[in-house]
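Visitor: coords below, sequence missing:
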């Protein structure tokens, strides 16, 4: 099966003072702002528009935002073309900042999964309180707002971390675990977050620093994230081909906000999604969010090839290829005794949730479908299954 190959990776972003060329209408700077503790991993461009909202200054102490009265200056991560960079999937944002002379309800922090339309998640500090909120269609919702013990909003540094972990809930809907930590420089990160919320409103967007009714200096910022896949997810049922089944699935959600088939991620399933789908019509594709895909459509040999990654499986124990069986283009028959497919590491379970899907037929209670070697459960085998 021909597939689209994608590479998953982690960006580690922190900040030094380095001005660069103009990538958009307003000023930009590339790389990092830092108080001298440079932590470069993957430099990015930050930019803003000449909007009169206040000053943005790259200083020896960090990146400083100074609002005009009742204004909100900000800076956004840019992509290689100078547009707002979109991110989806698991994200961690960590920053050290200091507020100066905040007015009533002065606040600062970061918008994430933010959109130009003005919808976003928002996390940071309001005076001496940590907060997490959401702006959606003009409605502001406070998800949590606890007090930070021992914190003064005038001249005291604090470290804030926002973790976003995507997962699929019991109804098959994609949702997110949002966690916010805070601690002071010189301390270790707490074992438990101060805020922990599950919310499914936004699935992707930009990362934006901001200040409102206070001046703020961001000493440094780090972002660990996985960019939005460059290839769209168009094979909705995962059968490896874009066909009438996928078209019917898209039509079922026409005019609705259904993230599972909203290919361009603009909040509505419409002709833009249909146009992208038809670009892949009758093509063999692999879901670009997959870390590995063993199609099991070989006819012989001891290798089960990984069509999207670099982790082929080794077939052991005498398992039999059945090219005329299975859900799609063949299957592998196991005897329930010692047949197994082994493969190298694909994901690290300690890094966050992941999903495994397998088409199976037969089997018996107590038989293993999938497990990990070297973890809590040392058994790692797929066995006891007839062709699906």
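Guide: That came through, no problem. Keep in mind that what you see is a predicted model, and the values were worked out from it rather than measured.

Visitor: so who does residue 160 touch?
Guide: 94, 95, 96, 97, 109, 123, 124, 125, 130, 180, 181, 182 (CB atoms under 8 Å, 6 or more residues apart in numbering). C-beta: built from backbone N, CA, C; applies to glycine.

Visitor: which residues does the fifth one contact?
Guide: Yep, that's residue 109 we're talking about. By CB under 8 Å, 6+ apart, residue 109 lies in contact with 95, 97, 122, 123, 124, 125, 131, 160, 209, 210.

Visitor: pLDDT of the helix or strand containing it, averaged?
Guide: Per DSSP states H and E: residue 109 is located in strand 107-114. Strand 107-114 comes out with an average pLDDT of 93.

Visitor: hey, what's the angle from the helix or strand that it is followed by to strand 107-114? Just curious.
Guide: Counting by DSSP H and E, the next helix or strand C-terminal to strand 107-114 is strand 120-126. Interaxial angle of strand 120-126 relative to strand 107-114 (axes from the mean of the first three to the mean of the last three CA atoms, to 10 degrees): 160 degrees.

Visitor: and the next helix or strand after strand 120-126, how far from the chain's centre?
Guide: Next along the chain after strand 120-126, taking DSSP H and E as the criterion, comes strand 129-136. The chain centroid and the centroid of strand 129-136 are separated by 19 Å under CA atoms, centre = their mean, to the nearest Å.

Visitor: which helices and strands does strand 129-136 pack with?
Guide: Helices and strands touching strand 129-136, by 3 or more CB pairs under 8 Å, 6 or more residues apart in numbering; DSSP states H and E, are strand 120-126, strand 139-144, strand 174-183, strand 195-199.

Visitor: most packed of those strands?
Guide: Mean neighbour count (mean count of other CB atoms under 10 Å) peaks for strand 120-126 among the helices and strands packed on strand 129-136, with a mean of 24.

Visitor: quick revisit: dump the helices and strands packed on strand 129-136 to a markdown table, plus distance to residue 48 and mean pLDDT.
Guide: Putting these into a markdown table (distance: least, CB to CB, whole Å; pLDDT from 0 to 100) gives the following:
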| stretch | distance to residue 48 | mean pLDDT |
| --- | --- | --- |
| strand 120-126 | 16 | 95 |
| strand 139-144 | 23 | 93 |
| strand 174-183 | 24 | 89 |
| strand 195-199 | 27 | 91 |
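
Visitor: closest one to residue 341 among those?
Guide: Closest to residue 341 of the helices and strands packed on strand 129-136, according to CB to CB: strand 174-183, at 28.2 Å.

Visitor: and the angle from that closest one to strand 107-114?
Guide: 160 degrees.

Visitor: got the angle between strand 174-183 and strand 195-199?
Guide: 170 degrees.

Visitor: show me which helix or strand of this structure is least confident by mean pLDDT.
Guide: Lowest by mean pLDDT, DSSP states H and E among the helices and strands of the chain is strand 11-12, with a mean of 28.

Visitor: note down every partner strand of the strand holding residue 109 and its orientation.
Guide: Strand pairing for strand 107-114, using DSSP bridges, gives strand 120-126 (antiparallel), strand 204-212 (antiparallel).

Visitor: could you list the buried residues of that strand?
Guide: Residues of strand 107-114 classed as buried: 107, 108, 109, 110, 111, 112, 113, 114 (neighbour count, 16 or more other CB atoms under 10 Å).

Visitor: likewise stretch 66-80?
Guide: 66, 67, 72, 73, 74, 75, 76, 77, 78.

Visitor: just the terminal-to-terminal distance for it.
Guide: Stretch 66-80 has an end-to-end distance of 27 Å (CA to CA, to the nearest Å).

Visitor: distance from the chain centre to that stretch, please.
Guide: 23 Å.

Visitor: out of the buried residues of strand 107-114, which comes closest to residue 296?
Guide: residue 113 (36.2 Å).
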